[in-house]
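Student: I would like to see how this sequence folds:
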Amino acid sequence: MPEGAGLAVITGAARGIGAAVALELAGRGWSLVLADACSAQPGVSYAMPSPADLDAIAERCGAEVLCADVAAPDFGAQLTDVLAGR
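Tutor: I've put the predicted structure just below:
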């Protein structure tokens, strides 16, 4: 991982590897935006995380949340809105 604090956008952040990376970077002082679709995904047969799951990780990290699918056409615009003014 890079040394020194910065800004990171972490996708798939509600659980698993994304959540672990978020917690690690938060512990190193990074400012974070945590993104996850938090809804059912086509072709995925297991339960996806909920907005509450993402909120719980964000609270532990002191991070901002973006419940959005990175594959959605408007994801870039949504992320731009969250990052505006940072």
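
Student: now do the helices in this structure.
Tutor: When secondary structure is read from DSSP state H, the chain shows helices at 16-27, 51-61, 75-83.

Student: mean neighbour count, distance to residue 5 and mean pLDDT added to the ones you listed, as CSV?
Tutor: No exception for glycine: its C-beta is placed from N, CA and C like everyone else's. Conversion of the helices of the chain to CSV gives the following (neighbours: other CB atoms under 10 Å; distance: least, CB to CB, whole Å; pLDDT from 0 to 100):
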stretch, mean neighbour count, distance to residue 5, mean pLDDT
helix 16-27, 17, 8, 96
helix 51-61, 17, 13, 96
helix 75-83, 13, 16, 96
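
Student: surely residue 5 meets residue 26?
Tutor: No - distance between residue 5 and residue 26: 9.8 Å, which falls outside the contact criterion (CB atoms under 8 Å).

Student: could the helices of the chain go into JSON lines alongside distance to residue 9?
Tutor: JSON lines is the format used below for those (distance: least, CB to CB, whole Å):
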{"stretch": "helix 16-27", "distance to residue 9": "10"}
{"stretch": "helix 51-61", "distance to residue 9": "13"}
{"stretch": "helix 75-83", "distance to residue 9": "7"}
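
Student: nearest to residue 10, of those helices?
Tutor: Distances from residue 10 to each of the helices of the chain were compared by CB to CB, and the smallest falls on helix 16-27, at 5.0 Å.

Student: what residues does that closest one touch?
Tutor: With contacts defined as CB atoms under 8 Å, 6 or more residues apart in numbering, helix 16-27 is touched by 1, 8, 10-13, 32, 34, 36, 57, 60-63.

Student: which residue is nearest the middle of the chain?
Tutor: When the chain is reduced to its mean C-alpha position, the closest residue under CA atoms, centre = their mean turns out to be residue 34, at 2.0 Å.

Student: ok, and the closest non-adjacent residue to that residue?
Tutor: Using CB to CB, 6 or more residues apart in numbering and skipping the chain neighbours, the partner closest in space to residue 34 is residue 13 (3.7 Å).

Student: now swap in residue 60 and tell me
Tutor: residue 23 (6.5 Å).
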